[in-house]
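Participant: sequence below, structure please.
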Amino acid sequence: MPHSTNPFPRPIRGILFDLDDTLYNRRATFRTWSEIFLRERLGIVDDIECTEIVTWMESLDANGYGSKHAVIVELCARFPNAAGRVEDFYDEFVDRVQFDPEAVDLLDHLDALALPYGVITNGTARQQRKIDALRLDDRTSTILISDIYGDKKPNAPIFLAAASSIGIDPVDILFVGDHPINDIIGARKVGMMTAWLHRNRPWPMDLPPADLTIDSLTELISQLGAICRDPG
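Facilitator: This next block holds a predicted model:
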């Protein structure tokens, strides 16, 4: 049942999203593709060994915040037979990114409501490959990639540029993301309302909380009717 009241202080006129671990589960995607890579490219078939190596790769990758070059160097050092193959790992990974089903449902609902939305993502031009894989360009013209734009979250300019692109005042925008500082604190600093997708992680105790904490994007779908109305 949709909630009857708006949990935010104002009606939502537009929504901006983070990309990685918000519109798709990067952690799960990285783990799945790592297992495929190890088994099919490096011939590692033992389940225990594969799990141990994937965990090691995840620690190097740091959910996308680690050095891609370092991951490749470390893999080649550990597996000499990987030379010439590891370089392809991230290229193949980004091409296999897929929306979470709940993200598709949410964007479809936003399209039906004609509610403007867009995406802000930190990263290199490689992020465009993910955008292409998700066909996000077909859904919105507001997609800002930090290295292409020239600034990054949590800095204010990239948030303000996205708000201008969708034609909505920042105070009337809801920002949805998973990173407490880059997404939630950054968006709040320009006056946006915020929803934190926690992905089973605790909120940092030294930071003020987001306006709303959600387990999944499905929670937003159930509240769309309410959050677009005046608080009741």
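Participant: for residue 212, give me its contacts.
Facilitator: Residue 212 makes contacts with 7, 8, 193, 194, 195, 196, as judged by CB atoms under 8 Å, 6 or more residues apart in numbering. C-beta here means a position set from N, CA and C on the backbone, and glycine is covered the same way.
Participant: got those as CSV, with distance to residue 168, secondary structure and pLDDT columns?
Facilitator: Compiled in CSV, the contacts of residue 212 are given as follows (distance: CB to CB, whole Å; DSSP: H, G, I helix; E, B strand; the rest coil; pLDDT from 0 to 100):
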residue, distance to residue 168, secondary structure, pLDDT
7, 19, coil, 82
8, 14, coil, 89
193, 12, strand, 97
194, 15, strand, 97
195, 16, strand, 96
196, 20, strand, 96
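Participant: out of these, which end up buried?
Facilitator: Buried by 16 or more other CB atoms under 10 Å: 8, 193, 194, 195, 196, out of the contacts of residue 212.
Participant: does the second one touch residue 176 like I think?
Facilitator: No: between residue 193 and residue 176 there is no contact, the gap being 9.7 Å when judged by CB atoms under 8 Å.
Participant: re earlier: list just the nearest of the buried ones among the contacts of residue 212 to residue 25.
Facilitator: residue 196 (15.4 Å; CB to CB).
Participant: for the closest one, what are its contacts?
Facilitator: 177, 178, 180, 183, 184, 203, 209, 210, 212, 213, 214.
Participant: wait, the second one sits on residue 19?
Facilitator: No: in this structure, residue 178 sits apart from residue 19 without contact. The criterion is CB under 8 Å, and the distance is 9.8 Å.
Participant: can you list the domains in the chain?
Facilitator: Following automatic domain parsing, one gets these domains for the chain: 14-24+98-227, 27-95.
Participant: what's the weakest-modelled helix or strand in this structure?
Facilitator: helix 89-95 (a mean of 76; mean pLDDT, DSSP states H and E).
Participant: now do the helix or strand immediately after that one in the chain: everything it contacts.
Facilitator: Sequence order places helix 101-113 as the next helix or strand after helix 89-95, per DSSP states H and E. Residues outside helix 101-113 that contact it (CB under 8 Å, 6+ apart) are 15, 22-24, 117, 139, 216-218, 220-221, 224, 228.
Participant: is residue 144 located within a helix, as I assumed?
Facilitator: No: using DSSP: H, G, I helix; E, B strand; the rest coil, the assignment for residue 144 is strand, not a helix.
Participant: begin at 253 from now on, thanks
Facilitator: Got it, first residue is 253 now, which makes that one residue 396.
Participant: so it versus residue 453, what's the distance?
Facilitator: Plainly put, residue 396 is 25 Å away from residue 453 if you go by CB to CB, to the nearest Å.
Participant: helix, strand, or coil at residue 415?
Facilitator: Residue 415 ends up helix, using three-state DSSP.
Participant: sorry, slip of the keys, the one I care about is residue 481.
Facilitator: Applying three-state DSSP: residue 481 is coil.
Participant: that one touches residue 258, doesn't it?
Facilitator: Yes: the criterion here is CB under 8 Å, and residue 481 meets it with residue 258 at 5.8 Å.
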